[in-house]
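1. generate a structure from the sequence data that follows.
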Amino acid sequence: MKTILISGGAGYLGTFLTQELLKKNKIIVYDLFYFPWIKKNIKKIPFKNRLSFIEKDIDQATIEDFKSVDIVIDLNGISNDPSSELDKKHTWNLNNFQRRKFAKLARKAGVARYIFNSTCSVYGFSKKITYENGKKNPISTYAKANLQAENYIYNLRNNSFKVNCLRNSTLFGFSQTMRLDLVVNIWVYNLLKNKNITIDGDGEQFRPFLSLNDVSNVYKTIIKKHKSLGSFICNLVSFNLKIKFLAEQIVKIINKKGTKIVYNPNNKDKRNYIVGSNVFKNKFGKNFKFSKFNTEIKNLYLKMKFNKTKLNDQTIRMKYYKKILKN
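-> Residues are numbered from 1 along each chain as shown. All right, here's what the predicted structure looks like:
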C-alpha cells in the first residue's frame, strides 16, 4: 500500500480523487481547506482510517511534510483562467514559484514520483490538432504560470524522481466540492433549474473535455504501474467538440422541454484549441476505456439534484477568490 500526498486535495478534483485512491492507498490531503467538505465529512468516507490531513498552504511546506510519502499529486494553485486575472502577481507566485518549491522539497525528501496537474490551456489558440510537442500559446496568466511551473518541475526528473505532467482538458462531473464555473457542469445545472444555456461568442470554438472518472482512472493507472512507468508529459483528452455542439448534445441528453441555447456575442471566448495525444496510447494502452458521455451527463444531473447543488460563492471560484483577495 502506497502513501500518497495530494496537495489541493480538498478541491474539486482533489475531493473526488482522494476518495477513489483511498480504496487501495493511504492518502494525506495537504490543503488549507477553504472548501472543507472532505474534512467535515470524514466519518462518511469509506477507508477513512487511511486518510490524514496537513492543514497548510504550500508556501509553508517543510521537508518533514513529505516523510514516508511515495507519490505526490500536485493539484495546487488558482484553478481557472478567469480567476487567475484577479491578481496576476498572486497567481504567478502560487501557480508557478510556490509549486516549484513544493516539488523541490518533495525530491529532496526522497519522494519517488511527482504527478503535476497541468492544463491544456497552455495551447490557448490553435487551428490544428495540437500534440504534446506542439506549439504552446498560453493566453491567460493561469496558463502561462502553469506552463512555466510544468517546464521547471519536469526538468527536476531523474532516475529516482519520476515526474508526470498531465495536461488536463476541461473537466466535468460531480464532486462534493462542486465547481459550477466549468462549462458542462453549469449547463447541466441550468437545465436542472429550468434555465437556458448561454454560450459566450458564437460557439464555434473547439475545446477538449475529460470527466472526473476518466482522469481518476489515469491516476490509478500511473500508481498501479508505478515501478515500470518513467517520466512523461501527456495530454489527457476524452473528446474535442465545438461548444455549440456540446450544448446541443447536453440539451438532447437531459431532454428538458422549452430549453433554449442563447448566444452572447459581446463576451467572446478567445480560447480555441483541439488537442490530441501521441503519448497516451503508449503509456496507458489502447484498451483504456473512456466513460460514455451520455452516462456521465445523466449521472451528473441526478447527483446534483440529489445533493441539492447550489450556485454560490463556493461553487463559482471567481466569486470565492474575489472574497479571499479582499481579505
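
2. for the one helix or strand D214 maps to, which positions count as buried?
-> Taking DSSP states H and E as the criterion, D214 maps to helix 212-224. Buried residues in helix 212-224, counted by 16 or more other C-beta atoms under 10 Å: 212-220, 222-223. C-beta coordinates here come from the backbone N, C-alpha and C atoms, glycine included.

3. quick check, nearest of these to R271?
-> Lowest distance from R271 to the buried residues of helix 212-224 (C-beta to C-beta) belongs to V215, with 19.4 Å.

4. strands of this protein, start to end?
-> For the chain, the strands defined by DSSP state E cover 3-7, 26-31, 51-55, 71-74, 113-119, 125-130, 162-168, 170-172, 197-200, 206-211, 232-236, 239-242, 261-264, 272-275.

5. nearest to Y142 among those strands would be which one?
-> Short answer: strand 113-119, nearest of the strands of the chain by C-beta to C-beta, at 7.4 Å.

6. pLDDT below threshold where in the stretch 101-250 of the chain?
-> Residue ranges of the stretch 101-250 of the chain with pLDDT under 70: none are present.

7. report the distance from the helix holding D214 to the chain centre.
-> The gap between where helix 212-224 is centred and where its chain is centred comes out at 12 Å by C-alpha atoms, centre = their mean, to the nearest Å.

8. can you give me the helices in this protein?
-> Ranges of helices within the chain are 12-21, 37-40, 81-84, 88-92, 99-109, 141-154, 183-192, 212-224, 243-254, 280-284, 293-307, 317-326, based on DSSP state H.

9. could you give the average pLDDT over the third one?
-> Confidence over helix 81-84, taken as the mean pLDDT, stands at 82.

10. what comes up buried for that helix?
-> For helix 81-84, the buried set under the neighbour-count rule, 16+ other C-beta under 10 Å, comprises 81, 83-84.

11. how about the second one?
-> Within helix 37-40, the residues that qualify as buried are 37-38, counting by 16+ other C-beta under 10 Å.

12. start and end of stretch 203-222, how far apart?
-> Distance across stretch 203-222, first residue to last, is 35 Å (C-alpha to C-alpha, to the nearest Å).

13. same check on stretch 35-48?
-> Using C-alpha to C-alpha, the two ends of stretch 35-48 sit 18 Å apart.

14. what's it in contact with?
-> With contact meaning C-beta atoms under 8 Å, 6 or more residues apart in numbering, stretch 35-48 is reached by 9-12, 14-15, 18-19, 22-23, 29, 33, 51, 53, 176-177, 314.

15. quick one: it to chain centroid distance?
-> That offset, for stretch 35-48, works out to 20 Å (C-alpha atoms, centre = their mean).

16. which of the residues in it are buried?
-> For stretch 35-48, a neighbour-count test (16+ other C-beta under 10 Å) marks 35, 37-38, 45 as buried.

17. and if you look at stretch 238-252?
-> Quick answer for stretch 238-252 (16+ other C-beta under 10 Å): 238, 240-244, 246-247, 250-251.

18. adding distance to D74, write those residues out as CSV.
-> Supplementary listing: the buried residues of stretch 238-252 in CSV, determined by distance: C-beta to C-beta, whole Å:
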residue, distance to D74
S238, 22
N240, 26
L241, 28
K242, 31
I243, 29
K244, 34
L246, 29
A247, 32
I250, 31
V251, 36
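
19. touching, S126 and K270? I think so.
-> No - using C-beta atoms under 8 Å, S126 is not in contact with K270, being 11.9 Å away.

20. need the contact list for I78.
-> Taking C-beta under 8 Å, 6+ apart, we find I78 in contact with 84, 90-91, 94-95, 142, 321.

21. now do 10 Å
-> Counting by C-beta atoms under 10 Å, 6 or more residues apart in numbering, I78 touches 84-88, 90-92, 94-95, 141-142, 145-146, 317, 321.

22. over to L236?
-> With C-beta under 10 Å, 6+ apart, L236 has these contacts: 117-120, 166-169, 171, 208, 210, 214-215, 218-219, 275, 277, 279-280, 284.

23. can you give me the distance of it to Q98?
-> To Q98, L236 is 23 Å away according to C-beta to C-beta, to the nearest Å.

24. okay, now T119: neighbour count?
-> As a burial measure, T119 scores 25 neighbours (other C-beta atoms under 10 Å).

25. ok, H90 next?
-> Using other C-beta under 10 Å: H90 sits among 15 other residues.
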